[in-house]
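> Structure of the sequence below:
(2 chains)
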2 protein chains.
Amino acid sequence: MPNTTEMSVAETRKLVEWAVRLKFTDIPQPAVEKTKRLFADWVFCAIAGAGYRTVDGLKAVADETGGRATGPCSTFVGDSRPPYWAAYINAGAGHVVEQDDLHNASVVHPATVVFPAAWAAAQSRGASGADFIAASVVGYEVACRVGRLLGREHYRIFHSTATAGTLGAAAATAHVLGLDAERTLDALGSAGTQAAGLWQFLATAADSKQVHCAHAAGTGLQSAYLAKNGVTGAHDILLGPQGMFAGMSRGTPDAGVLPFDGLYEVDATSFKYHASCRHTHPSADALLDIITENDLAPEDIERVDCGVHQSALDVLGPAEGAASVHQSKFSMGFVLGAIANGRSAQLADFSDARLTDPAVRAFQKKVHMHLDPKVDGAYPAKWTANVKVTTKDGRTFDKFMETPKGDPGNTLSDDELLAKWHKLVGYAGASVNVDKLAKELLALDKRPTMDGLM
Amino acid sequence: MPNTTEMSVAETRKLVEWAVRLKFTDIPQPAVEKTKRLFADWVFCAIAGAGYRTVDGLKAVADETGGRATGPCSTFVGDSRPPYWAAYINAGAGHVVEQDDLHNASVVHPATVVFPAAWAAAQSRGASGADFIAASVVGYEVACRVGRLLGREHYRIFHSTATAGTLGAAAATAHVLGLDAERTLDALGSAGTQAAGLWQFLATAADSKQVHCAHAAGTGLQSAYLAKNGVTGAHDILLGPQGMFAGMSRGTPDAGVLPFDGLYEVDATSFKYHASCRHTHPSADALLDIITENDLAPEDIERVDCGVHQSALDVLGPAEGAASVHQSKFSMGFVLGAIANGRSAQLADFSDARLTDPAVRAFQKKVHMHLDPKVDGAYPAKWTANVKVTTKDGRTFDKFMETPKGDPGNTLSDDELLAKWHKLVGYAGASVNVDKLAKELLALDKRPTMDGLM
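As a prediction, this is how the structure comes out:
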């Protein structure tokens, strides 16, 4: 096993040196505006998710194993906690309703791992909204570029949001703490060597997806504090012979994706429109177009064939049964059943009652996925689908969905975002003034601190 | 990707069903006696390690990110904390001097991941010494059997103490909490999907080894509390198609190692005699025998050839430079240099001063490792070495070390253990009455609670 050489750390170091230099005033205005909207979108997701059973579980673990400690950091469960536990709980809350953002090329949900860590660190240090935005932009770059590096072979087994996300959370926290390049490399080393998250939970609809986010945000934050306190990490954690790529991926890494290239990953991040797994969105949009344009009722349809990318088969396949509300969002048949029967796959369309809806369950059986080479070739840079609907009277309708709704090329307008946020808060029955909070969040860059948002 | 079938969970379930039924009174007396000695040995290691820089770092992270919370659980840094943070800090303290135990066949250091979690859980629940011992025996079984399952291909890249150890810590905590088989499977699922630890840190002598232990003990403990609070995990986390073996090992798993087979893993665990990496011990013992039997001075020796197993090359190779005190314990040349020059590789033989000892550095250059097929074939069931010493006057001495000192087949007597513990405490300059504490620890099974040991 060869010793690490400085050469193989070079690309990681370029990314880190860019990150430690980045100031809020360096960030182009469109990227600032996008980051504020990504944060706002995540906050409303977390408000909607705060009452979920799994979040109750994370809160109980924080209480029982962390000593019910209070601290300066806001949580979505109605209290203030020390930074580790705030990041831990908020990360789970932000992801559980499956409406938080997604970065296409890395298949990482960056918001729910980067923001909870950056926010907790910012509150513990009294950092401004502008500083929080700069730290979050750094977190997105690191999480998404590490996710791109680890690639499709990693994602086949590992939940990249959890693994790459740990480094994103560490980088964002390190930026808030003002760590230099050497200490930031230590933080990434500690984060990478603690990064984990396997897809196995999907097959039995277990609760690990939120645990992964809690772990990534909490452990990433810890890693930056370890570095601050002189605990070193492997600087070559990504590409070294006993590092993340060697242990958790296959093939040949493309280290060229690591250094910042002038294109901000926040700008390449999608808002989620439907409340289901993003792998279902291109097909859902295609079916929605077909049934709307041709005025088809669910009972008119004989079968739906969805040409998808391989990762969709890997992730959605084990969940096809839709045994729980959470798993039903990962079942292509169930999601398309909701679209066909109500022309909607929003949060309220997934519920215990819906699990036993005979119309959705009947439609679910009509849906078939297969690998489409064109769709797979474009992925993950582009998330497309090739959908064919065959009616009982023998007609066929084909739709190639090039750019699903919410994608950077087909983004949600501010009005559409506000409508989504109203739905999220309404679904949770939370007593939140959506318009007022949205306005505050979209003025985040003017806030002197990150306190008082909840 | 096929759905998980109950069949592939079957072997994990057998282990868990045995674990939840195990009571202290079921454990044979020799295994009880061994467990008490393993715990005592770890306690003295942790006393020696408590003042180390990396442990200071873990404590600072607990303070700064966990809110300086107090709790019922003893720590080696002189305070009482909530269970997560006590497990986190104590795990790092117990490992940093590299004198804690090792389970041969799994290449796992079980003490420093199982005991801190079991102890913290026991104190938070008021469990007795006997209950603590039963939980620890369960933790050893799970950590060691999972380590055996993941195997050599896993250990090539991953630090098995960290990965398998997370499940051991979870299982021990689950036993203290009295979780049933389904909840214990949930705990192992959450532990496995958060298990991590890469060897990359070794190449630059970074501090991750202690961070790994802190992470494994703390996250394992959290995983059991997650299960207690209704957060589910993948029951097939070990052998499922997107589980630990699939993602973090290669080849074909031998699921038959998982169920308890009547042989306790505590009985198969070695005490460490030398203060260096266990991969150096067989060669160190062989060289010690050769120089003692033939009265060789270091300057008599031209070269030393160590025939070792592949894992020794993988783990020791990157550390050969001995750039720090910690890394010097992983450098075969440096360790044998200490043996040749002082006939000892105890804790006090590794220091900043020793790093610049010209005699040790000169001897280091004479030491060469190579893969020995016989040694490699016996590993990891047996840790052997084939050492050849060539003197300047042309003599050669060969020694095949079959059973290194501290191995279950060549264990340390109670007198030898007590002498080791005195050295550990003396090295730290701690004000601890070693004889009194040793006596208390060897009467652990009579203690009504686990309080008051520190």
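
> Show me what the residue of the stretch 351-454 of chain A found nearest chain B is bridged to.
The stretch 351-454 of chain A approaches chain B most closely through A:M369 (11.9 Å), counting by CB to the nearest CB. Just so you know, the C-beta spots here come from the backbone N, C-alpha and C atoms, and that holds for glycine as well. For A:M369, the beta-bridge partners under DSSP bridges are A:C306.

> pretty sure it contacts A:M332?
Yes - using CB atoms under 8 Å, A:M369 makes contact with A:M332 at a distance of 5.5 Å.

> higher neighbour count, those two?
More neighbours surround A:M332 than the other of A:M369 and A:M332, with 28 against 21 (other CB atoms under 10 Å in any protein chain shown).

> Relative to A:H159, how far out is that one?
Here the criterion is CB to CB, to the nearest Å. By it, A:M332 lies 19 Å from A:H159.

> who touches A:L167 in this structure?
A:V142, A:A143, A:V146, A:L188, A:A191, A:G192, A:A195, A:G220 (CB atoms under 8 Å, 6 or more residues apart in numbering or on different chains).

> make it 10 Å
If you count contacts by CB atoms under 10 Å, 6 or more residues apart in numbering or on different chains, A:L167 has them with A:12, A:113, A:139, A:142-143, A:145-147, A:187-192, A:194-195, A:216, A:220, A:223, A:237-238, A:244.

> which of these are close to chain B?
Residues of those in contact with chain B (CB under 10 Å from any CB of the partner chain): A:G189, A:S190, A:A191, A:G192, A:Q194, A:A195, A:A216, A:S223, A:I237, A:L238, A:M244.

> Out of the residues you listed, flag the one nearest to A:W421.
A:A216 (24.3 Å; CB to CB).

> For the closest one, which residues are in contact?
Contact analysis of A:A216 by CB under 10 Å, 6+ apart lists A:87-88, A:91, A:95, A:108-109, A:112-114, A:116-117, A:143, A:159, A:161-170, A:191, A:194-197, B:194.

> and if you look at A:D254?
Residues in contact with A:D254 (CB under 10 Å, 6+ apart) are A:E11, A:R148, A:L149, A:G151.

> hmm, 8 Å instead?
Taking CB under 8 Å, 6+ apart, we find A:D254 in contact with A:R148, A:L149, A:G151.

> same check, this time on A:H422
Counting by CB under 8 Å, 6+ apart, A:H422 touches A:V434.

> ranges for the helices of the stretch 201-350 of chain A?
Using DSSP state H, counting those that start in this stretch, the helices of the stretch 201-350 of chain A run over A:208-228, A:244-248, A:281-294, A:310-316, A:325-328, A:332-342.

> The longest one versus helix B:208-228: what angle between them?
Regarding helix A:208-228 and helix B:208-228, their directions subtend 150 degrees when assessed with axes from the mean of the first three to the mean of the last three CA atoms, to 10 degrees.

> tell me the mean pLDDT for helix A:208-228?
In this model, helix A:208-228 has an average pLDDT of 98.

> Now do the phi/psi pair for the residue lying farthest from the centre of chain A.
Residue distances from the centre of chain A (CA atoms, centre = their mean) peak at A:D393, which lies 41.0 Å from the mean C-alpha position. Taking degrees, to the nearest 10, you get phi -90, psi 20 for the backbone angles of A:D393.

> Likewise for the one 4 residues further on?
A:F397 adopts backbone torsions of phi -130, psi 130, taken as degrees, to the nearest 10.

> Does it touch A:N294 like I think?
Yes - at 6.1 Å, A:F397 and A:N294 qualify as touching, with contact defined as CB under 8 Å.

> Same drill for those two, tell me which one is more crowded.
The neighbour comparison of A:F397 against A:N294 (other CB under 10 Å) goes to A:F397, with 19 against 12.

> For that one, give the beta-bridge partners.
A:F397 forms beta bridges with A:V389, as assigned by DSSP bridges.

> For it, give me its contacts.
Each residue near A:F397 by CB under 8 Å, 6+ apart is listed here: A:I290, A:N294, A:L296, A:K388, A:V389, A:T391.

> right, and the last one touches A:P298 too?
So that's A:T391. No - assessed by CB under 8 Å, A:T391 is found out of contact with A:P298, at 11.0 Å.

> quick one, domains of chain A?
Domain segmentation of chain A under automatic domain parsing yields A:6-270, A:278-404.

> Buried deepest among these, which one?
domain A:6-270 (a mean of 25; mean count of other CB atoms under 10 Å in any protein chain shown).

> and that one, how far out from the chain's middle?
Offset of domain A:6-270 from its chain centre (CA atoms, centre = their mean, to the nearest Å): 10 Å.

> For the stretch 51-200 of chain A, what lies in contact range of chain B?
By CB under 8 Å from any CB of the partner chain, the residues of the stretch 51-200 of chain A that approach chain B are A:53-54, A:56-58, A:60-61, A:64-71, A:81-85, A:124, A:156-158, A:186, A:189-190, A:192-200.

> Tell me who's in contact with A:K366.
Neighbour list for A:K366: A:I301, A:E302, A:R303, A:V304, A:G333 [criterion: CB under 8 Å, 6+ apart].

> For the second one, report the pLDDT, please.
With respect to pLDDT, A:E302 scores 98.

> now do A:A164
In the prediction, the pLDDT value recorded for A:A164 is 98.
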